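**Student:** Got a sequence here, can you model it:
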Amino acid sequence: MLDLKKIRQNPEKYIEGLKKKGVEGEIEKILNKDVRRRDIIREIDELRYMRNKVSREIAEIKKTGEDATDKIRQMREVGEKIKKLEGELKEISDQIEDTLSNIPNIPHPSVKVGSGPDENIVIRQHGSKPEFDFEIKDHLELGESLGILEFKRASKISGTGFPMFIGKGARLERALINFMLDYHIENHGYKEVFPPYLVTRESTFGTGQLPKLEEDMYRISEDDLFLIPTAEVPVTNIHRDEIIPEKKLPIKYVSYSACFRREAGSYGKETRGLIRVHQFNKVELVHFTTPDASYHHLELILSDAEEILQLLGLHYRIVELCTGDLSFAAAKCYDIEVWAPATGKYLEVSSVSNFEDFQARRANIRYRRSSDNRVDYVHTLNGSGVATPRLMVALLETYQTDEGTVFIPEVLQKYAGFSIIKKGE
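**Tutor:** Below you'll find the predicted structure:
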């Protein structure tokens with residue numbers, strides 16, 4: 001959530017920042033209501049002062065035995081006016097809070113101004129696209145021919161968009177998760193978290209999914225709980241309503257979770273196979289840090305996620321998102337896109353974002369400075385390290401052979417327990 005005090009101090013910064021994200025008029029709306037809110041507070045304070053003063057006068061009048069009826073009547077009228085103003089104050093304060101809740105974060109000054117994905121910037125690539133001397137199959141053909149992917153039966157069980165891995169497919173999926181968790185813990189210094197998959201409305205508000213993105217989430221109405229769209233939600237909320245001593249920062253968590261997304265607004269996008277699904281697995285990286293270190297940590301998370309793809313021997317590129325493609329809560333974001341040769345596309349397997357203090361304000365996550373003992377908001381960051389569905393697409397398509405088999409990258413073999421996937425195994 002944006003800071004109202006900072007908006008008052010520099011409204012143009014926020015007006016221009018939101019304009020870059022395609023949002024206009026909201027700051028002016030808030031400031032107009034804020035002026036009225038402060039006028040009401042001033043009027044209430046003046047009336048209370050008057051009431052206290054006159055109440056003392058009434059007490060003195062009564063001591064002398066004189067009639068205080070008129071003053072008592074006047075104070076009743078003042079009390080009624082205060083009550084009415086307090087009701088108006090609550091209403092306008094709620095309106096300001098609601099408007100702030102629905103306003104996105106402003107982009108970092110370094111982010112390119114653009115209207116959408118076509119204006120994102122490819123900042124670097126790793127490796128080169130694999131070449132084949134035979135006609136290659138896509139992941140769906142490979143998955144079906146090798147008996148490792150079951151979309152038809154999964155659809156029978158749960159409907160479309162819910163994949164099912166069988167045999168070596170299931171073992172490969174599990175191998176990917178365990179490899180990534182172990183690598184981030186042992187080489188990048190993360191602490192593992194295995195979080196709940198159901199979260200409260202407060203938790204989803206804290207990370208910025210609610211109220212804007214409720215239609216994209218699976219909700220259990222009876223309990224008003226939400227299936228997590230990413231481990232970012234429960235892991236970020238570990239420190240909700242807490243004050244963290246600065247000496248304990250940075251905090252770095254890694255978490256595996258299943259992720260659930262209705263993707264209510266995704267009609268017309270690529271939906272074949274594992275490209276876009278309602279349930280998938282992901283290893284998430286979450287950092288809590290001080291404001292002065294957060295952009296250093298953005299690059300750290302990006303590097304940590306990249307290392308996974310490098311070890312798997314996959315070609316990928318890094319894309320810096322323009323303002324029009326940033327998420328609701330992000331100030332700056334990189335996407336990591338892996339190359340899927342048969343699909344013929346770069347597929348996003350990780351988004352690495354700095355939210356600055358936007359989530360921390362919503363979730364009330366603060367830290368106490370060592371230098372002056374003052375309390376300030378942390379900066380939160382996260383990135384997929386990485387998500388498995390499109391990673392699986394790239395692995396199957398990159399490591400296929402002319403015999404229709406699929407080799408397993410060396411770093412995965414000890415986790416999978418095999419080095420090749422053959423038909424009928």
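**Student:** and the helix or strand where Y183 lies, which residues are buried?
**Tutor:** Using DSSP states H and E, Y183 sits within helix 168-188. Within helix 168-188, the residues scored as buried using 16 or more other Cβ atoms under 10 Å are 168-169, 171-173, 175-181, 183-184, 188. Heads up, the C-betas are built off the backbone N, CA and C, glycines and all.
**Student:** Kindly provide the whole-number mean pLDDT of it.
**Tutor:** Averaged over helix 168-188, pLDDT sits at 98.
**Student:** Need the CA coordinates for that helix. PDB is fine.
**Tutor:** Presented in PDB, the C-alpha positions along helix 168-188 are these (Å, rounded to 0.1, in the frame of the first residue of the first chain):
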ATOM      1  CA  LYS A 168       9.000 -41.400 -14.300                       C
ATOM      2  CA  GLY A 169       7.100 -38.200 -15.000                       C
ATOM      3  CA  ALA A 170       6.100 -38.000 -11.300                       C
ATOM      4  CA  ARG A 171       9.600 -38.900 -10.200                       C
ATOM      5  CA  LEU A 172      11.100 -36.300 -12.500                       C
ATOM      6  CA  GLU A 173       8.700 -33.600 -11.100                       C
ATOM      7  CA  ARG A 174       9.700 -34.600  -7.500                       C
ATOM      8  CA  ALA A 175      13.400 -34.600  -8.500                       C
ATOM      9  CA  LEU A 176      13.200 -31.100  -9.800                       C
ATOM     10  CA  ILE A 177      11.600 -29.800  -6.600                       C
ATOM     11  CA  ASN A 178      14.100 -31.600  -4.300                       C
ATOM     12  CA  PHE A 179      17.000 -30.500  -6.400                       C
ATOM     13  CA  MET A 180      16.000 -26.800  -6.400                       C
ATOM     14  CA  LEU A 181      15.200 -26.800  -2.600                       C
ATOM     15  CA  ASP A 182      18.500 -28.400  -1.800                       C
ATOM     16  CA  TYR A 183      20.500 -26.200  -4.100                       C
ATOM     17  CA  HIS A 184      19.100 -23.000  -2.700                       C
ATOM     18  CA  ILE A 185      19.500 -24.100   0.900                       C
ATOM     19  CA  GLU A 186      23.000 -25.400   0.500                       C
ATOM     20  CA  ASN A 187      24.500 -22.900  -1.900                       C
ATOM     21  CA  HIS A 188      22.500 -19.700  -1.400                       C
END
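**Student:** following that helix, which helix or strand comes up?
**Tutor:** Trace forward from helix 168-188 with DSSP H and E and the next one is strand 191-193.
**Student:** what's in contact with that next one?
**Tutor:** 181, 185, 231, 234-235, 238, 251-255 (Cβ atoms under 8 Å, 6 or more residues apart in numbering).
**Student:** Would you show me how to pick out the buried ones of the residues you listed in ChimeraX?
**Tutor:** Buried residues among the contacts of strand 191-193 (16+ other Cβ under 10 Å), as a ChimeraX selection:
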select :181,231,234,235,238,251,252,253,254,255
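**Student:** Between all of the contacts of strand 191-193, which two are at the greatest distance?
**Tutor:** With distance counted by Cβ to Cβ, no two of those lie farther apart than I185 and P234, which are 18.2 Å apart.
**Student:** Show me where the chain has its helices.
**Tutor:** 4-9, 11-20, 26-64, 69-101, 139-146, 151-158, 168-188, 201-207, 232-236, 294-311, 358-363, 389-398, 410-416 (DSSP state H).
**Student:** among the ones you listed, which is the most enclosed?
**Tutor:** Of those, the one with the most neighbours on average (mean count of other Cβ atoms under 10 Å) is helix 232-236, at a mean of 27.
**Student:** That one packs against which elements?
**Tutor:** helix 201-207, strand 251-260, strand 279-289, strand 379-387 (3 or more Cβ pairs under 8 Å, 6 or more residues apart in numbering; DSSP states H and E).
**Student:** switch to 6 Å and redo it
**Tutor:** Applying 3 or more Cβ pairs under 6 Å, 6 or more residues apart in numbering; DSSP states H and E, we find helix 232-236 packed against helix 201-207, strand 279-289.
**Student:** I'd like these as JSON lines, with mean pLDDT appended.
**Tutor:** JSON lines is the format used below for those (pLDDT from 0 to 100):
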{"stretch": "helix 201-207", "mean pLDDT": "97"}
{"stretch": "strand 279-289", "mean pLDDT": "98"}
